[in-house]
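Asker: starting from these lines, generate the structure:
(chains A, B, C and D)
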Number of protein chains: 2
Amino acid sequence: MIAEQGVASLAVEPLARRMGITKGSFYWHFANREALLEQALQRWEEHDARNLNTALGAIAKPRDRLISFFRRVGQERLTHDVYSALCAAADHAQVIPVLDRVAERRMRHIAAAFEELGFTTGRARHRAQLVYSVYLGFLQLQRQKQAPELSSNAFEDYVDHVIETLVPA
Amino acid sequence: MIAEQGVASLAVEPLARRMGITKGSFYWHFANREALLEQALQRWEEHDARNLNTALGAIAKPRDRLISFFRRVGQERLTHDVYSALCAAADHAQVIPVLDRVAERRMRHIAAAFEELGFTTGRARHRAQLVYSVYLGFLQLQRQKQAPELSSNAFEDYVDHVIETLVPA
DNA sequence: GATTTTCCATACTCTGGCGTATGGATATTT
DNA sequence: AAATATCCATACGCCAGAGTATGGAAAATC
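Answerer: I've put the predicted structure just below:
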């Protein structure tokens, strides 16, 4: 798991240098760069799917589940940083299906919560897409360093505003 | 203006090939690749700033201004596609300042509109960041081809929901 | 009409990452 | 102990894009 400063950075030679080994060694473990990326993506996706279930699946009340979704953006930096890096590489053939599945999975969770809150299926899907867009947009602003510092008061205030605006009381 | 399929695609040799010229010719017009990118970015930013003023500056009612902002995402594909490509390259040293300025400029406009609608300065800024995040997130989903087709009914429905949720009546 | 400037092509070097060939060392098996 | 399997390094070839050197043709200048 080393895709925390870009996806392209997961190159063979730089990686080998950083790990103190050489290419010759690397190509004994992996067939090629593609295989490395594939495995890294798969591991991350599995971790993320598990995370989604354990973190949000356990919360009974749908409203608390949604609130928890927003608050979790401030925690588990690593996962979100990886995801952010993947989003920046949304043109890469290997990451597209991963991004698709992860986004779809998360949005389904969110839409389900809104349905439990009494939204119709259509409105719930719209609201879920809206909520997820807010998340994606926040990641983008974070990449540009224009988002409030996580674990700062400004971030808390912003999250409160988001919840207040998007999650019905 | 040819950065519509990635920023990295603005390379010297592919570009030259596509234009039917050669590198030798290119390097007479530009000092290097950096100069080309710089000029392209500058031209686009100026165009975008002008666009912001002419399109939204003319609308008197703040609510209509906000609604127009959302609806415009469906139009002027080119500008938004360029911006989307730039967002995907938010780690590039040259595009960072451009992205910063453009986002800041747009969010100021949005925040001003909310202030006119009676929001306090703080709430207006939060809501502007929220609105802008929705826009950024939509661009991301579009890159992943998970956003509704522009100029489709699904898109219209979604935009209606967004306006209804984020712009007070 | 000769000369300089403008614009572009050919041909080269250089760099960095991908992938392969091959051999050496340690550990495991027989 | 000999043979085989495992893990890693050195050294190579290949490719694509960046940038440079040089020259040639057309057009503007003198």
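
Asker: how about the residues of chain A near chain B?
Answerer: Contacts of chain A with chain B, taken as Cβ under 8 Å from any Cβ of the partner chain, map to A:5-6, A:87-91, A:96, A:99-100, A:103-104, A:122-123, A:126-127, A:129-130, A:132-138, A:140-141, A:143-147, A:157-158, A:161-162, A:165-166. From N, CA and C alone the C-beta is placed, and that goes for glycine too.

Asker: out of those, which end up buried?
Answerer: Among these, those scoring as buried are A:87-90, A:96, A:99, A:103, A:123, A:126-127, A:129-130, A:132-138, A:140-141, A:143-144, A:147, A:158, A:161-162, A:165-166 (criterion: 16 or more other Cβ atoms under 10 Å in any protein chain shown).

Asker: among those residues, name the ones in strands.
Answerer: Assigned to strands by DSSP state E, none of these qualify.

Asker: is residue A:59 in a helix, a strand, or coil?
Answerer: Here residue A:59 is coil, with the state taken from DSSP: H, G, I helix; E, B strand; the rest coil.

Asker: contacting residues for the nearest residue in space to it that is not next to it in sequence?
Answerer: Closest residue in space to residue A:59, ignoring its immediate chain neighbours: residue A:65 at 4.4 Å, by Cβ to Cβ, 6 or more residues apart in numbering or on different chains. Contacts for residue A:65 were tallied using Cβ atoms under 8 Å, 6 or more residues apart in numbering or on different chains; they are A:56, A:59, A:109, A:113.

Asker: now, the most widely separated pair of these?
Answerer: Spanning the widest gap among these are A:59 and A:109, at 10.7 Å by Cβ to Cβ.

Asker: the residue of chain A positioned farthest from its centre and DNA strand C, how far apart?
Answerer: Here chain A reaches farthest from its C-alpha mean at residue A:24, the gap being 33.3 Å by Cα atoms, centre = their mean. Applying Cβ to the nearest atom of the strand, to the nearest Å, the value for residue A:24 to DNA strand C is 4 Å.

Asker: what does that residue show for phi and psi?
Answerer: phi -50, psi -40 (degrees, to the nearest 10).

Asker: please apply the same query to residue A:30.
Answerer: phi -120, psi 150.
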